[in-house]
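Enquirer: Here's a sequence, model it:
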Amino acid sequence: MALHITSSGDKMTIPSNATTNPRAAITVSFWLYYDRASFLSSDTNGMFEMRNDSSGHTFTSYVDSSNRVHLRGDTSSTLQATNDTGTIPLQTWTHWAFTYDGTANTLTIFKTGVQVGQLTSAGSSLDSTVNTTAIGWWNDIAGLTSYYSDFRIYNVARTGSQILSDYNKRLTGSEANLKAYYKLLTDVNDSTSGGNNGTLAGGAAFSSAVGEPTFLATASGGFFLAAY
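Expert: Numbering: from 1, shown residues only. The predicted model follows:
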């Protein structure tokens, strides 16, 4: 099972607070299956968003009309962006991680643990106010027609090696710096002690149509198989 986003209004919202929206440094990561047989030039839609509803300033990932993945971050009241110059894979599970590092002043995109885009001189802090935190959503625009699995929020900017160490493993929820964790198997509950359970909106629902990435039971050992 995995969370399926199909049309405008579909999304999963998460409580917006200091735990789910760390501002000095953050990593948002998840597995995504882009549910299209071919690219659509109109499919400029969001993967996730953390937004100040008043100013519109945001930390978000989205896919543009050229089917490239972007990361946008509001730093010092200026919208910054970095992007993967390759197109998003079609109909296969792919792991994405998006980081902001307020010390190094960088916004970075990782695809299956490999850096594919980075903006330097990105500023020293994200917008201090976040009203909306959502999966499958960007700027009130429809979410990307996709399946989501294993959505995580960390309060550090993880490195490529750190991402590779456990991107293909189900976690317990007690790992260091992990502030919110949604396995997205059959529910939207937070598997950490934070209790920031999600809420589904629109037609967002769980589906077994494409299966899920094959994970270990925990991050302690075993084998992993997945399509890239």
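Enquirer: By mean pLDDT, point me to the weakest helix or strand of this protein.
Expert: Every helix and strand of the chain was ranked by mean pLDDT, DSSP states H and E. The lowest is strand 78-87, at a mean of 79.
Enquirer: Next SSE downstream of it?
Expert: Moving toward the C-terminus from strand 78-87, the first helix or strand encountered (DSSP states H and E) is strand 93-101.
Enquirer: Give me the angle between that following strand and strand 78-87.
Expert: Our comparison of strand 93-101 with strand 78-87, counting by axes from the mean of the first three to the mean of the last three CA atoms, to 10 degrees, yields an angle of 150 degrees.
Enquirer: Mind checking the pLDDT average for strand 93-101?
Expert: Here strand 93-101 scores 95 as its mean pLDDT.
Enquirer: Which strands or helices does it pack on?
Expert: strand 25-34, strand 58-63, strand 68-75, strand 106-111 (3 or more CB pairs under 8 Å, 6 or more residues apart in numbering; DSSP states H and E). Backbone N, C-alpha and C define where each C-beta goes, glycine included.
Enquirer: hmm, try it at 6 Å
Expert: strand 25-34, strand 106-111 (3 or more CB pairs under 6 Å, 6 or more residues apart in numbering; DSSP states H and E).
Enquirer: quick one: contacts of the least confident helix or strand of the chain?
Expert: When contacts are defined by CB atoms under 6 Å, 6 or more residues apart in numbering, strand 78-87 is touched by residues 67-73, 107, 109, 116-119, 122.
Enquirer: Mind listing residues that contact the helix or strand containing residue 148?
Expert: Residue 148 is part of strand 146-154 when elements are defined by DSSP H and E. Contact partners of strand 146-154, identified using CB under 6 Å, 6+ apart, comprise 2-5, 20, 27-35, 135, 177-182, 184, 210, 212-213.
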